[in-house]
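> Below are the sequence and a predicted model for it; my questions follow.
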Amino acid sequence: MTRSGKYKADTISSKEYLSDVLKLRSFDLEELQNIVRQYETIAREKLDTPSTKEPGPLMLRTSIQPPELEAKLLEGKQAIGIDIGGTNLRIGVGQIKGGKIEPQGETIKREIKIKYGSTDEFFQMLLDNGLSDILEENPDIPLACIFSFPGSGIVTNDGLDQTIPRDELTKEWEIRGIAGKNLGEELNNFLEKNGLRKRQYFIANDTVALIKDKETDFGVVCASGFNLSAVFKNEIINSESGSANTAQNIPVITDKLLNLIAEEENKPVDQIPVRDEYRISGKYLGRTLGLIIDELRSKYPSLFKRVKNTDFLKSFVISDILSGRWEKVKRHFGSKDNIGTPEREILTRVALTLRDVSAQLVAAHLVALHSVTMQDKNKIIISSDGPIIQNMPGWKEMFLETIKSLTGEGLEVKIIETPYQGKMKEYRGIFDVMYQAIDYFARKEILKSEG
């Protein structure tokens, strides 16, 4: 290190640069315990006084109870499913058959934009992408909608709604004019204006939709975004865990990623909140990897000379590095040449650290949420979704190892996945929320018939 405090490229190894300058390393036990304490404190406060302001976890009430009816009482019932909030829109119809929900006809998948000038523009996008035809073809069945953004649950005459606190949503989404409004009510108003029938609706966050029955304790989504839900006093809580700011910051996040987001959002960087999600979810892990490569090759001109692309919008490149799929990694980088041995070693080290920190943070959040909502329960069932928790090599093992480090033998964890196979597995969220909606409206029918 020079007197000015800067490292010279010819006097420091890339390993030292990663650990000493970027502070890129996994957490030790003391740091993880501190994260748990911070999360517990905020979560307890937010449970007592709900708030949609930063920082998270927000601990939003949903008014949704876990499904509880016997499958035979739901046989043959249907719902229209809409999944909004990631990089894709999904729309389809599902029906309960033999205790499971099965697709009826085509399930639509579309890439969509993430910024809308009004709620009408947003709802028109849904109609234009297939919802209009599905509504006309299925006039008497309810809507089950995943809306993967912060919002408080509310019961209305037409079902279970979600009140949206602000126009600027998470994951860089924006729908102008939606702040303070109930999504389902606004959709029904729009449908009526356009000559379509109003619908019963059931609106939930994707993590909330993972709670598949009364035995499930937590939902964990770790995909392009990250969130946790928990069952608390027979109500599902949407924690919006990714909004928390409990992790120790590192320069590649605060100095690089935040500036990149600010530039894209055309905002001052001090208006971009620091969130744990930046160190957890695929939308940011891929971009962080790219920023690190840019940093390394600016310091070490001999490294990554033939790399043309470092803008990774998802974390698949990290999974491919960890799996040793170097031909696919080469394609991610837009490189014609093979990735050399020094670069492979560096990429593997970076990928391992990014993966481990992601898993450690999710585990620490879960341990804190368990302590706040069900500390007397020593066996828990987690319903999971997302390519990071399910497919990133070693992620799940590090997640479970971290839970054990934090709780000793005091917490037994079982991770389950909804059993959709093949092509339909990537649509599982939409089936989860349809099942919940069918159970909810069936319960309402039973209560109505009983008196």
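It's in.
> which strand in the chain runs the most residues?
When the chain is parsed with DSSP state E, its longest strand is strand 88-97.
> name the helices or strands packed onto that one?
Applying 3 or more Cβ pairs under 8 Å, 6 or more residues apart in numbering; DSSP states H and E, one finds that strand 88-97 contacts strand 78-84, strand 100-103, strand 108-111, helix 119-126, helix 132-137, helix 428-450. (C-beta placed from N, C-alpha, C; glycine too.)
> hey, which of the ones you listed is tucked in deepest?
strand 78-84 (a mean of 26; mean count of other Cβ atoms under 10 Å).
> ok, it: who's next to it in the sheet?
Strand 78-84 pairs in its sheet with strand 88-97 (antiparallel), strand 143-147 (parallel), by DSSP bridges.
> Which secondary structure state is assigned to Lys414?
strand (DSSP: H, G, I helix; E, B strand; the rest coil).
> Surely it and Ile382 touch.
Yes - distance between Lys414 and Ile382: 6.9 Å, which falls inside the contact criterion (Cβ atoms under 8 Å).
> how close does the nearest residue to Val93 once chain neighbours are set aside get to Gln436?
Residue nearest to Val93 in three dimensions, not counting chain neighbours: Gln104, with 4.3 Å by Cβ to Cβ, 6 or more residues apart in numbering. For Gln104, the distance to Gln436 (Cβ to Cβ, to the nearest Å) stands at 17 Å.
> same question for the strand or helix carrying Tyr39, mean pLDDT?
In the assignment (DSSP states H and E), Tyr39 maps to helix 29-48. The average pLDDT for helix 29-48 rounds to 94.
> Can you show me the CA trace of that helix as CSV?
C-alpha atoms of helix 29-48 as CSV (Å, rounded to 0.1, in the frame of the first residue of the first chain):
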residue,chain,number,x,y,z
LEU,A,29,-20.4,-15.8,13.5
GLU,A,30,-20.3,-12.6,15.5
GLU,A,31,-21.3,-10.5,12.5
LEU,A,32,-24.2,-12.9,11.8
GLN,A,33,-25.4,-12.7,15.4
ASN,A,34,-25.4,-8.9,15.1
ILE,A,35,-27.5,-9.1,12.0
VAL,A,36,-30.0,-11.4,13.8
ARG,A,37,-30.3,-8.9,16.7
GLN,A,38,-30.8,-6.0,14.4
TYR,A,39,-33.5,-7.8,12.4
GLU,A,40,-35.3,-9.0,15.6
THR,A,41,-35.4,-5.4,16.9
ILE,A,42,-36.9,-3.9,13.8
ALA,A,43,-39.3,-6.8,13.2
ARG,A,44,-40.8,-6.6,16.7
GLU,A,45,-41.2,-2.8,16.3
LYS,A,46,-42.9,-3.2,13.0
LEU,A,47,-45.3,-5.9,14.3
ASP,A,48,-46.4,-3.6,17.0
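> How about residues contacting it?
Residues from elsewhere that reach helix 29-48 (Cβ atoms under 8 Å, 6 or more residues apart in numbering): 27, 55-59, 232, 237, 239, 241, 244, 246-248, 360-361, 363-365, 367-369, 371-372, 402, 405-406.
> List the buried residues of that helix.
32, 35-36, 38-40, 42-43, 46-47 (16 or more other Cβ atoms under 10 Å).
> Pull the distance from it to the chain's centre.
20 Å (Cα atoms, centre = their mean, to the nearest Å).
> Offset the numbering so it begins at 661, please.
Okay, residue one is now 661; in that scheme the one you just asked about reads as helix 689-708.
> Following it in sequence, what is the next regular element?
strand 720-721.
> and that next one, which strands flank it?
Paired neighbours of strand 720-721 in the sheet (DSSP bridges): strand 895-898 (antiparallel).
> For the strand it pairs with, the averaged confidence score.
Rounded mean pLDDT across strand 895-898 is 93.
> which parts of that strand are buried?
896-898.
> And those residues, which is closest to Gly745?
Top of the list for closeness to Gly745, among the buried residues of strand 895-898 and by Cβ to Cβ, is Asn898 at 12.2 Å.
> What residues are recorded as beta-bridge partners of that closest one?
If you apply DSSP bridges, the partners that Asn898 bridges to are Leu720, Ser889.
> Pretty sure it sits against Val881.
No - checked against Cβ under 8 Å, the pair Asn898 and Val881 is beyond contact range at 10.7 Å.
> list residues touching both of these two?
Joint contacts of Asn898 and Val881 (Cβ under 8 Å, 6+ apart) are 867, 887.
> ok, which stretches of the stretch 1011-1111 of the chain are strands?
In the stretch 1011-1111 of the chain, the strands defined using DSSP state E, counting those that start in this stretch lie at 1039-1045, 1072-1076.
> what's the closest of the ones you listed to Lys1108?
Across the strands of the stretch 1011-1111 of the chain, closest to Lys1108 is strand 1039-1045 (Cβ to Cβ), at 29.5 Å.
> Tell me the strands beside the closest one, with direction?
Going by DSSP bridges, the partners of strand 1039-1045 are strand 878-882 (parallel), strand 1072-1076 (parallel).
> Go through the ones you listed and pick out the most buried.
Highest mean neighbour count among the strands paired with strand 1039-1045 (mean count of other Cβ under 10 Å): strand 878-882, a mean of 27.
> Pop the domain breakdown of the chain in here.
Structural domains annotated on the chain: 661-709+873-1077, 721-869+1079-1100, as defined by automatic domain parsing.
> Redo those domains as JSON lines? Include distance to Leu1107.
As requested, the domains of the chain are arranged in JSON lines below (distance: least, Cβ to Cβ, whole Å):
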{"stretch": "domain 661-709+873-1077", "distance to Leu1107": "16"}
{"stretch": "domain 721-869+1079-1100", "distance to Leu1107": "11"}
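> Which of the ones you listed sits closest to Glu1110?
Using Cβ to Cβ, the nearest of the domains of the chain to Glu1110 is domain 721-869+1079-1100, at 13.2 Å.
> start to end distance for that closest one?
16 Å (Cα to Cα, to the nearest Å).
> Any idea how far it is from the middle of the chain?
Put simply, domain 721-869+1079-1100 sits 16 Å off its chain's centre (Cα atoms, centre = their mean).
> quick one: average confidence on that domain?
88.
> can you check stretch 1050-1070 too?
On average, stretch 1050-1070 scores 93.
> And Gly758, how far from Gln738?
Gly758 is 14 Å from Gln738, by Cβ to Cβ.
> try Gly811
Gly811 is 25 Å from Gln738, by Cβ to Cβ.
> Quick one: the strands in the stretch 861-1010 of the chain, in order.
Under DSSP E, counting those that start in this stretch, the stretch 861-1010 of the chain gives strands at 861-864, 878-882, 886-892, 895-898.
> Out of these, flag the one nearest Trp833.
Nearest of these (Cβ to Cβ): strand 886-892, 14.1 Å.
> For the strands paired with strand 1039-1045, give me CSV that also has distance to Asn842.
Below are these laid out as CSV (distance: least, Cβ to Cβ, whole Å):
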stretch, distance to Asn842
strand 878-882, 23
strand 1072-1076, 32
